[in-house]
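1. Would you be able to build a 3D model of this:
(chains A and B)
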Protein chains: 2
Amino acid sequence: MKASQFHFATTRETPADAEIASHQLMLRSGMIRKLTSGIYTWSPLGWRVLRKVEAIVREEMDRAGYLEMLMPAVQPAELWRETGRWDDFGDQLLKLTDRAGREYVFGPTHEEVITDLARNELRSYKQLPVTFYQIQTKFRDEIRPRFGVMRAREFLMKDAYSFHIDTTSLEETYREMYAVYSRIFERAGLKFRAVRADSGAIGGSASHEFHVLAESGEDLIAFSTGSDFAANVELAEAPKPQEPRPEPGEEMRLVDTPDAHTIEELVTQFDLPVEKTVKTLVVQAAADRDHDFVALLVRGDHSLNELKATRLDAVASPLRFATEDEIRDAIGAGPGSLGPVNLPIPCIADFSVGVMADFGAGANTDDKHYFGINWERDVELPPLADLRNVVDGDASPDGAGEIRLARGIEVGHIFQLGNKYSTALNAVVLGEDGKSHPLEMGCYGIGVSRIVAAAIEQNHDERGICWPEPLAPFQVAILPMNARKSYRAREAAEALYRELLDAGVEVLLDDRDLRPGVMFNDMELIGIPHRVVIGERGLDAGTLEYRLRTAEKNEDLPLENAARTILERLGRG
Amino acid sequence: MKASQFHFATTRETPADAEIASHQLMLRSGMIRKLTSGIYTWSPLGWRVLRKVEAIVREEMDRAGYLEMLMPAVQPAELWRETGRWDDFGDQLLKLTDRAGREYVFGPTHEEVITDLARNELRSYKQLPVTFYQIQTKFRDEIRPRFGVMRAREFLMKDAYSFHIDTTSLEETYREMYAVYSRIFERAGLKFRAVRADSGAIGGSASHEFHVLAESGEDLIAFSTGSDFAANVELAEAPKPQEPRPEPGEEMRLVDTPDAHTIEELVTQFDLPVEKTVKTLVVQAAADRDHDFVALLVRGDHSLNELKATRLDAVASPLRFATEDEIRDAIGAGPGSLGPVNLPIPCIADFSVGVMADFGAGANTDDKHYFGINWERDVELPPLADLRNVVDGDASPDGAGEIRLARGIEVGHIFQLGNKYSTALNAVVLGEDGKSHPLEMGCYGIGVSRIVAAAIEQNHDERGICWPEPLAPFQVAILPMNARKSYRAREAAEALYRELLDAGVEVLLDDRDLRPGVMFNDMELIGIPHRVVIGERGLDAGTLEYRLRTAEKNEDLPLENAARTILERLGRG
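-> Down below sits the predicted model:
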């Protein structure tokens, strides 16, 4: 492609409402244009990248034997009423009314439509398992669309649905899909983790999220240095302490702590190691309990995992923290002075609290703490449970390696749905046993347009995008210097361009006749992986200037056989 | 692809509401499934065909240097208000409201969005000409969706938009696009005509429609046997008669015609050649005329072209036919007894009426006609104009060949829009003259999903679809007979399947273990162009049975080198 024949629309200004790098860079490079809140046009430049992602996804899905199809964007309300999601899905659902007054939704997902198809067309176990997929525009009416295409309202998604006679078959396809997804993100050149996830609103039993690792990610992921264990922090099991509880070394003493109402203040003012402090959090108790509230104890340097807390029998679900007034009523002290000693309500401690000795905690009297507390000697050991979020350095729950934390951007999600939708829509097939069985179902999504933004979050620097090669809109940029004046540079550039084009390389010849600085800036902003500069000076020396987008320095390459050399750099030598 | 791994859903019953062949065959073959009125799911089988069309369109658009992009489906109402189409487009426009109460449309077309992009990103004539295109799901809320995907509400469309500094450049791209469209339909293997068209609601000056020829087509097209002239019948110019008017041969006489109120009755009852009769039609006159009505005369065997009539200065626009009461008031006779002699209102005659002699027409008295009328002698020759629809056998207006009429299905449309949208949205660029110019614009559509239906209308028989090879979901079907019992047939089929697959052929191996009749019916219904049957009997003789979908008979081909022979039949020898 010659740049003069392409549509470039780079801009130097960073748009005011673009908060994250990918959003800024996609706007500045001209990949996308905002039409209105959460709705974007993909320019020819952006579309080239989106198509790359789409092609990888399609190839891998096809290779696995999944069947591509296309379902409508506009779906009748009746189907959503049948599954109850017309109401459950909430305001994210964009509802429509046609000229005849019939109601529809602009599909945010397609479980209803595919299950409706399945109940009409799948009759026998002999047709199973079967996996359908589509790559399609979806709409979710986000309350706060932001981050560009990262959380847009209209977006491109690959959604797949598998149907099975039993859960064994579902699990098999699920494992296969896990591998297919891994290959897709590998082929896209992305650093990612597959993490166990809570299946949330879609329902079902097992699910994994695929996260592209990037500092700006909204999700915190725990993964192992020694295995492929990875989980959302909220789901990662904390290791049980292996060491026994130390013997008491100090006497328990009551200390005035008038200015210490947080762990940090306590640690700073009293030179107490944070691992020797305990945080006490008061939450509403389950309805069947004698007390209205329960205290939860975690070590001072740990944080409460609310999902784990919610799962405790003793605790009300959903989780609700007690107000300051409720705490004073129930305990007689403010939230900054709570602890296990003389606590008038039941408490549950995290496993790691159970092995503490000589620790400090509130005295359940305002402005006072006990230091040197020891379990059994000073106060009864409460029931223990896994209550905390894992931290960097924890042992991996599978015993292999240590936990590391990283931020991730969710770009894929696979679910074992079970028969939730098939039961709601009465989608049954005849089994080998001659009986009718509700279909077992899996669903599998990839945010195709989101991958583009996530790839940029993971791969950029202060000058612009650094595309992983499989996603780059062009592989090579050729920049002739002063092309208008320099016939030689123009000719050499054109010759190299032709050679690379004939070799099937996606090459961009910048023939826009702009100042070198403008061309350099554009190509770096756009993130083309390989750059070749051709100028009079180099030609005199028989060289051209080559630079990898992520390299620190230029390299002089011989002009002779330049195309072959560049093909080698592209890994196609 | 092995049939057992694919999803087949053929059915024998013809759905009650499917009126035309393509709709019936697409449902019966399982290519599409109706979700709700005018909204269809494309099954894996249908999607394979749709992707073929999409690929041809994309390749030819790319080859021409047009830039693919993707605009949103959901467009803000403000843009449509700016061009006035929020109201003008009528109820076809599917309007939406989001959770914040803002109004949108589900895009039926994208002139507003692309012109908005152009006004933001095109600044200078140096960026022109440029042509953008997308392949995207559109929605038009048809009042009466029917004929399956032929006139669906949700459909897949390729829409392109070109921008120019002047009309010369617009015309150049328009001609180029004409050629690109022609290549697309040729490559798809379709018989088609590009016809001059009225540009209708979208506005602008020149336009052509591309029609796939098929008996079930809704449009009547006139084309020449001797040139590439083709036009919608409503737009085709009728040739002026070349022969002079014959001398009078009869006396004019008043005849009682109590039972003849139509041309047909007149011709039958009085043995009058239909070419010797004149039809008189009364329409409302233009407001600036002395009379309220005008009579239009066409030969008895011709029909009035309403578009041509509307264009007459003397005639009110839009065209309105007088009621019987109005005719009686103005003329004193009923509509079955009108004619040019003693006509109290002005009249205009078709050119062919001007060369008639000895003809019959109503006497403007109920139940009476004059026979043997001659112009000049019996009544003054009225003003002449082109008023009729062309008919089979007319000379082509370009002088080359004769007119033939055929029915067509519109699958593409190209328009020179001019500056209608750029003026409405103030999209201007700086010209070479340093002045600001409104962008000249063209728009170009192809009904991607409609092509699939049109191809079937043109290519089917009583047994099913007969795909043109470029659109077939699979090129070759291999049918082993009694595969469960016959190890030899199974092995030979599998071997041929592998060989063709390795040669890059889209081949379907029907391993579903069904009765031969069911397999034959399915493959014929689905329309796979090449069928290979492998059975014990043939294997004994060292042959397999080959048949082209459109051939009358089977052919025995030697089993040896069968793959090579079939590749030859595929034109890949």
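
2. Now do the contacts for A:A236.
-> Shown in contact with A:A236 (CB atoms under 8 Å, 6 or more residues apart in numbering or on different chains): A:222, A:389-390, A:397, A:403. In this view, the C-beta of every residue, glycine as well, is placed from N, C-alpha and C.

3. For the spatially most central residue of chain A, which non-adjacent residue is spatially closest?
-> Nearest to the mean C-alpha position of chain A, by CA atoms, centre = their mean, lies A:E410 at 2.0 Å. Leaving out its chain neighbours, the residue that sits closest to A:E410 by CB to CB, 6 or more residues apart in numbering or on different chains is A:E209, at 5.0 Å.

4. what number of residues lie near A:I348?
-> A count of neighbours around A:I348, defined by other CB atoms under 10 Å in any protein chain shown, yields 20.

5. Sheet-wise, list the partners of the helix or strand hosting it with their directions.
-> Assigned by DSSP states H and E, A:I348 belongs to strand A:347-350. When pairing is defined by DSSP bridges, strand A:347-350 lines up against strand A:293-299 (parallel), strand A:384-385 (parallel).

6. Need the winner for burial among these.
-> For these, the largest average neighbour count (mean count of other CB atoms under 10 Å in any protein chain shown) is found in strand A:293-299, namely a mean of 25.

7. So which residues make contact with that one?
-> A:274-275, A:277-285, A:304, A:309, A:312, A:314-315, A:322, A:326-327, A:330, A:338, A:340, A:343, A:345-350, A:352-353, A:356, A:361, A:382, A:387-388.

8. Buried ones only from the residues you listed, please, as a ChimeraX command.
-> Burial among these is assessed by 16 or more other CB atoms under 10 Å in any protein chain shown; the matching ChimeraX selection reads:
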select /A:277,278,279,280,281,282,283,284,285,304,309,312,314,315,322,326,327,330,338,340,343,345,347,348,349,350,352,353,356,361,382,387,388
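
9. Of the contacts of strand A:293-299, which belong to strands?
-> A:278-284, A:347-350, A:361 (DSSP state E).

10. Redo those as TSV? Include pLDDT.
-> Shown next, in TSV, are the ones in strands among the contacts of strand A:293-299 (pLDDT from 0 to 100):
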residue	pLDDT
A:V278	97
A:K279	96
A:T280	97
A:L281	97
A:V282	97
A:V283	97
A:Q284	97
A:C347	96
A:I348	97
A:A349	98
A:D350	98
A:A361	96
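
11. Does anything pack onto the helix or strand bottoming out on mean pLDDT in chain A? Which helices or strands?
-> Lowest on mean pLDDT, DSSP states H and E among the helices and strands of chain A sits strand A:230-232, with a mean of 88. Helices and strands touching strand A:230-232, by 3 or more CB pairs under 8 Å, 6 or more residues apart in numbering or on different chains; DSSP states H and E, are strand A:192-196, strand A:219-224.

12. Other residues contacting it?
-> Residues contacting strand A:230-232 (CB under 8 Å, 6+ apart): A:193-198, A:209, A:219-224, A:237.

13. Swap in 10 Å and give it another go.
-> A:192-198, A:208-211, A:219-224, A:236-237, A:307, A:390, A:396-397, A:403-404, A:406, A:408, A:410 (CB atoms under 10 Å, 6 or more residues apart in numbering or on different chains).

14. Which of these are buried? Put it as a PyMOL command.
-> In PyMOL, a selection of the buried entries from those looks like this (16+ other CB under 10 Å):
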select buried, chain A and resi 192+193+194+195+196+197+208+209+210+211+219+220+221+222+223+224+236+237+390+396+397+403+404+406+408+410
